[in-house]
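Undergrad: Sequence unavailable; structure follows:
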């Protein structure tokens, strides 16, 4: 609470804070664009087996001029269960009899088929070239697309671990963190900088070392003890909080990336899907800020997580032909996933004390990257059951929603500064509940 008083003097939401958001936005956009680019660079176009009689340019026109391309396709490629040309098989020999009587014969044996031994022919109307067409990642090799995406996400994980340490050399550290970590001079300098940018001209008289020490005496005394990542697990309360937080973050990211990097699963017009999903994701980010003040942190996040899981599970059993419904459910899923991510971030900040918050955010980023790595890898399970990855995407957020209920409610609670505050916060929370219950009884 003492730091909040200092923050009020320098301006808690002014030009400085807005400038920070504006500067970080392009970086986030570049990262997101690179991730979502997978939907286009790894798109799977329509394809069929290459057949000599249809695709060999050296075949004389006189050999096939009496037959149309559709007729040649019919005698060369079998039909799948949806009565469309099979994507992964061809007839060993041309089936000329299929040109007669609509290709139906009684007592006719199944023609011999084989896999695409000579490669594939791709539909280039939407995507002239992708990594799929470049490396023939279709049919029995289709699972390798997920492996490629897995390696890309793994690179992000490794880069985050390395870049996280390098960024400490040039990023401006938050004033609150500096003060709590026994760097009051640097923290005071940062506060004066914020006050100057926000136009708080009289703040310089208040922001002195004496005023800082008197207002944050307890926090500064607690800061004499150095903290490490291990301190997040030193007490039962903190250990429970951080473990649940890491699981919830992991379970939130898995379905988010499961949807966003597999747009082609919901229909063919992925260009439109990308615009719609991007717009919805941006719009709903502010929704938790409005809902949490009325429903509380836990309830809001649990509701969002349940809606994510239910929308994905419902979509799993919707036929491919009902694309409008599939897109609507996917849009709801991605929206609720984005909202739950915002809700989670607020809850994390309020659950972890300031002295450990930076380290907790580091572990949070690690859990997030692990979820992003697992999301594409789950798609390899389609080789065993086509809906299995989507069932897992749906179950994860529901489990996370239940885990959120094990966390304490932090609405209207003071922001924690030290490890000792975690214990005091429990006592303060108990008193607030008693006051709220007595107020309700008085009203009745």
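TA: Nice, thanks for sending it over. Here the structure is a predicted model, which means the values were calculated and not measured. Numbering: from 1, shown residues only.
Undergrad: Domain-wise, how is the chain divided?
TA: Here the chain is described, according to automatic domain parsing, as comprising the domains 48-121, 229-437.
Undergrad: winner for burial among these?
TA: Of these, the one with the most neighbours on average (mean count of other C-beta atoms under 10 Å) is domain 229-437, at a mean of 19. To be clear about C-beta, it is placed using only N, CA and C from the backbone, and glycine gets the same treatment.
Undergrad: pLDDT at residue 295, what is it?
TA: What the model reports for residue 295 is a pLDDT of 86.
Undergrad: Can you give the distance of whichever strand or helix holds residue 363 from its chain's centre?
TA: Residue 363 belongs to helix 354-377 when assigned by DSSP states H and E. Relative to its chain's centre, helix 354-377 lies at 12 Å (C-alpha atoms, centre = their mean, to the nearest Å).
Undergrad: go on, stretch 72-87?
TA: 38 Å.
Undergrad: can you list contacts of that stretch?
TA: Outside stretch 72-87, the residues that touch it by C-beta atoms under 8 Å, 6 or more residues apart in numbering are 46-49, 51, 53-54, 64, 89-91, 94-96, 98-99, 103, 111, 113, 120, 138-139.
Undergrad: quick one: secondary structure of the residue nearest to residue 353 when sequence neighbours are not counted?
TA: Spatial nearest neighbour of residue 353, excluding adjacent residues (C-beta to C-beta, 6 or more residues apart in numbering): residue 416 at 3.9 Å. Recorded secondary structure, residue 416: coil (DSSP: H, G, I helix; E, B strand; the rest coil).
Undergrad: Relative to residue 295, how far out is residue 416?
TA: To residue 295, residue 416 is 22 Å away according to C-beta to C-beta, to the nearest Å.
Undergrad: Kindly list the single helix or strand of the protein that scores lowest on mean pLDDT.
TA: Lowest on mean pLDDT, DSSP states H and E among the helices and strands of the chain sits helix 61-64, with a mean of 50.
Undergrad: if we can go back for a sec, will you turn the domains of the chain into TSV that also has distance to residue 129?
TA: Formatted as TSV, the domains of the chain follow (distance: least, C-beta to C-beta, whole Å):
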stretch	distance to residue 129
domain 48-121	13
domain 229-437	16
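Undergrad: Does residue 121 belong to a helix, a strand or coil?
TA: Relying on three-state DSSP, one would call residue 121 strand.
Undergrad: ok, it - contacts?
TA: Shown in contact with residue 121 (C-beta under 8 Å, 6+ apart): 47-50, 55.
Undergrad: of the residues you listed, closest to residue 363?
TA: residue 47 (42.9 Å; C-beta to C-beta).
Undergrad: so what's the closest one bridging to?
TA: residue 122 (DSSP bridges).
Undergrad: thought it was touching residue 119?
TA: No: the pair residue 47 and residue 119 fails to qualify as a contact (C-beta atoms under 8 Å) at a distance of 9.7 Å.
Undergrad: Would you state the strands of the chain in chain order?
TA: 47-49, 89-91, 113-115, 120-122 (DSSP state E).
Undergrad: first to last residue in stretch 310-327, what's the distance?
TA: End-to-end distance for stretch 310-327, by C-alpha to C-alpha, to the nearest Å: 14 Å.
Undergrad: So which residues lie in contact with it, not counting its own?
TA: 255, 258-259, 266-267, 273, 276, 329-330, 332-333, 336, 387, 390-391, 393-395, 397-398.
Undergrad: run the last query once more with 7 Å
TA: If you take C-beta atoms under 7 Å, 6 or more residues apart in numbering as the criterion, stretch 310-327 is touched by 255, 266-267, 273, 329-330, 332-333, 336, 387, 390-391, 393-394.
Undergrad: Rebuild the residues you listed as JSON lines, extending it with pLDDT and distance to residue 161.
TA: Shown next, in JSON lines, are the contacts of stretch 310-327 (pLDDT from 0 to 100; distance: C-beta to C-beta, whole Å):
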{"residue": "255", "pLDDT": "92", "distance to residue 161": "24"}
{"residue": "266", "pLDDT": "80", "distance to residue 161": "33"}
{"residue": "267", "pLDDT": "72", "distance to residue 161": "36"}
{"residue": "273", "pLDDT": "81", "distance to residue 161": "32"}
{"residue": "329", "pLDDT": "90", "distance to residue 161": "35"}
{"residue": "330", "pLDDT": "89", "distance to residue 161": "32"}
{"residue": "332", "pLDDT": "90", "distance to residue 161": "34"}
{"residue": "333", "pLDDT": "90", "distance to residue 161": "29"}
{"residue": "336", "pLDDT": "91", "distance to residue 161": "29"}
{"residue": "387", "pLDDT": "90", "distance to residue 161": "34"}
{"residue": "390", "pLDDT": "93", "distance to residue 161": "30"}
{"residue": "391", "pLDDT": "94", "distance to residue 161": "31"}
{"residue": "393", "pLDDT": "94", "distance to residue 161": "25"}
{"residue": "394", "pLDDT": "94", "distance to residue 161": "30"}
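Undergrad: which of these lies closest to residue 190?
TA: Nearest to residue 190 among those, with distances taken as C-beta to C-beta, is residue 336, at 36.7 Å.
Undergrad: where's that closest one relative to residue 273, distance?
TA: 17 Å.
Undergrad: next one: residue 255
TA: 16 Å.
Undergrad: can you give me the helices for the stretch 251-400 of the chain?
TA: 270-284, 287-295, 297-316, 323-351, 354-377, 388-404 (DSSP state H, counting those that start in this stretch).
Undergrad: Then the stretch 51-200 of the chain?
TA: Counting by DSSP H, counting those that start in this stretch, the stretch 51-200 of the chain has helices at residues 52-55, 61-64, 69-76, 131-135, 143-167, 175-180, 184-197.
Undergrad: Could I get the contacting residues of residue 259?
TA: Residue 259 is in contact with 330, 333-334, counting by C-beta under 7 Å, 6+ apart.
Undergrad: ok, of those, which one's closest to residue 359?
TA: Closest to residue 359, out of all of these and judged by C-beta to C-beta, is residue 334, at 30.1 Å.
Undergrad: Report the separation between the closest one and residue 66.
TA: The value you get for residue 334 to residue 66, if C-beta to C-beta is used, is 52 Å.
Undergrad: now swap in residue 363 and tell me
TA: As judged by C-beta to C-beta, residue 363 and residue 66 stand 70 Å apart.
Undergrad: for the residue nearest to residue 38 when sequence neighbours are not counted, phi and psi?
TA: Nearest in space to residue 38, with sequence neighbours left out and distances taken as C-beta to C-beta, 6+ apart, is residue 261 at 5.0 Å. Main-chain torsions, residue 261, degrees, to the nearest 10: phi -100, psi 10.
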